[in-house]
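# A predicted structure for the sequence below; I have some questions about it.
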Amino acid sequence: MRRLRAFTLIELLVVVAIIAILAAILFPVFARAKESAKKTACLSNLKQIGLAFGLYSSDWDDSYPNTGDPWLWIGRKWRWPVMPYLAIGQKESGDGLTARSGSPAILICPSDRAALQAYDGTSYAYSAAFYLSPDSVNRLRLRNLIAGLGTPGSLAETQTQTTTSVQDPSRKGMVMEWLNAHRFERQPVGFWGTLKPGLVPGDDRKTGARTMLLADLHVAFVPASRQTPSVAEDVPDFSMTPDGILGTDLP
């Protein structure tokens, strides 16, 4: 009878080593491909949101959404004016912040794990420059955007802006991913980074990159370090772009 030859221990170890090396090479590639797919989905979301804003402006004499709410930039709020154009059928639960029906998928970036819990189904912010005057934007501070809701300061006086008011629509951001969830250092952070006591912007505020919808309705993946920073706070927040709707967020 023929004797069957078994693998030796050395041969098995060599095979295991080869598999480990291939895994070390391929797994990062697969991870990058998966994240690239998520980024593409996020850009697609913004493209559809851009179409909704375009339809809204067409129906409202070329005006951008302005409800008179100084905190309309927050994703939980700006979605309602454009909801009829988003085709997701969400309905307000009564407080103007939460939804009682409808899928929010288009409003969530696949890489944003915190969206459903922390931001009520939204991953994107709307630039305050589209419902404030350029002078008001130049006077904005972080305390106006995130401090006590009863004291917005200069942010309280909203002013409807129009599509013809945008000086350079291909470089002015309109809707943007809040977190740099696709590219970050230690953890995803917002426009102001990891805030320090006293509402001081974090040192990590200009790290990573985010998806952005520009006023001309094209989308881009923008490194925070390339964005035009606000003058007083030095943060890559497109709500605080110098000169507001007349300014630019991209070089």
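Arrived safely, thanks for sending.
# switch to C-alpha atoms for all contacts and neighbour counts from now on
Will do.
# What are the boundaries of the helices in this structure?
Assigned by DSSP state H, the chain shows helices spanning 9-59, 75-86, 115-118, 134-138, 142-146.
# Let me have the ones you listed in TSV, adding mean pLDDT and mean neighbour count as columns.
As requested, these are arranged in TSV below (pLDDT from 0 to 100; neighbours: other C-alpha atoms under 10 Å):
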stretch	mean pLDDT	mean neighbour count
helix 9-59	80	15
helix 75-86	91	20
helix 115-118	60	14
helix 134-138	92	20
helix 142-146	82	17
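# Residue 68: which of those is closest?
Residue 68 lies closest to helix 75-86 among the helices of the chain, at 11.2 Å (C-alpha to C-alpha).
# tilt between the closest one and helix 9-59?
70 degrees (axes from the mean of the first three to the mean of the last three C-alpha atoms, to 10 degrees).
# Can you show me the CA trace of helix 75-86 as CSV?
The C-alpha trace of helix 75-86 is given here as CSV (Å, rounded to 0.1, in the frame of the first residue of the first chain):
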residue,chain,number,x,y,z
GLY,A,75,-29.0,69.3,11.3
ARG,A,76,-32.0,68.7,13.4
LYS,A,77,-33.5,72.0,12.3
TRP,A,78,-32.5,72.7,8.7
ARG,A,79,-33.9,69.5,7.4
TRP,A,80,-37.5,70.5,8.0
PRO,A,81,-37.6,73.4,5.4
VAL,A,82,-36.3,71.1,2.7
MET,A,83,-38.1,68.0,3.9
PRO,A,84,-40.7,68.1,1.0
TYR,A,85,-37.8,67.8,-1.5
LEU,A,86,-35.8,65.1,0.2
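# what's the distance between it and the middle of its chain?
15 Å (C-alpha atoms, centre = their mean, to the nearest Å).
# would you turn the helices of the chain into a markdown table with distance to residue 190?
As requested, these are exported to a markdown table (distance: least, C-alpha to C-alpha, whole Å):
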| stretch | distance to residue 190 |
| --- | --- |
| helix 9-59 | 16 |
| helix 75-86 | 13 |
| helix 115-118 | 12 |
| helix 134-138 | 19 |
| helix 142-146 | 12 |
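# Select, out of those helices, the one closest to residue 108.
helix 115-118 (6.5 Å).
# if we can go back for a sec, which one of the helices of the chain lies nearest to residue 239?
For these, the distance to residue 239 is smallest for helix 134-138, at 7.4 Å, taking C-alpha to C-alpha.
# List the contacts of the closest one.
Identification of contacts with helix 134-138 by C-alpha atoms under 8 Å, 6 or more residues apart in numbering yields 128-129, 154-155, 231, 239-246.
# hmm, 10 Å instead?
128-132, 153-159, 161, 230-232, 239-247 (C-alpha atoms under 10 Å, 6 or more residues apart in numbering).
# now swap in stretch 82-94 and tell me
Under C-alpha under 10 Å, 6+ apart, the answer for stretch 82-94 is 48-57, 64-65, 79-80, 98-107.
# Of the contacts of helix 134-138, keep whichever come out buried.
When the contacts of helix 134-138 are checked for burial by 16 or more other C-alpha atoms under 10 Å, the buried set is 128-132, 153-156, 158-159, 161, 230, 239-247.
# Who does the residue nearest the centre of the chain form a beta bridge with?
Geometric centre of the chain, nearest residue: residue 177, 0.4 Å, by C-alpha atoms, centre = their mean. Assessed by DSSP bridges, residue 177 has beta-bridge partners residue 124.
# That one and residue 204, how far apart?
16 Å (C-alpha to C-alpha, to the nearest Å).
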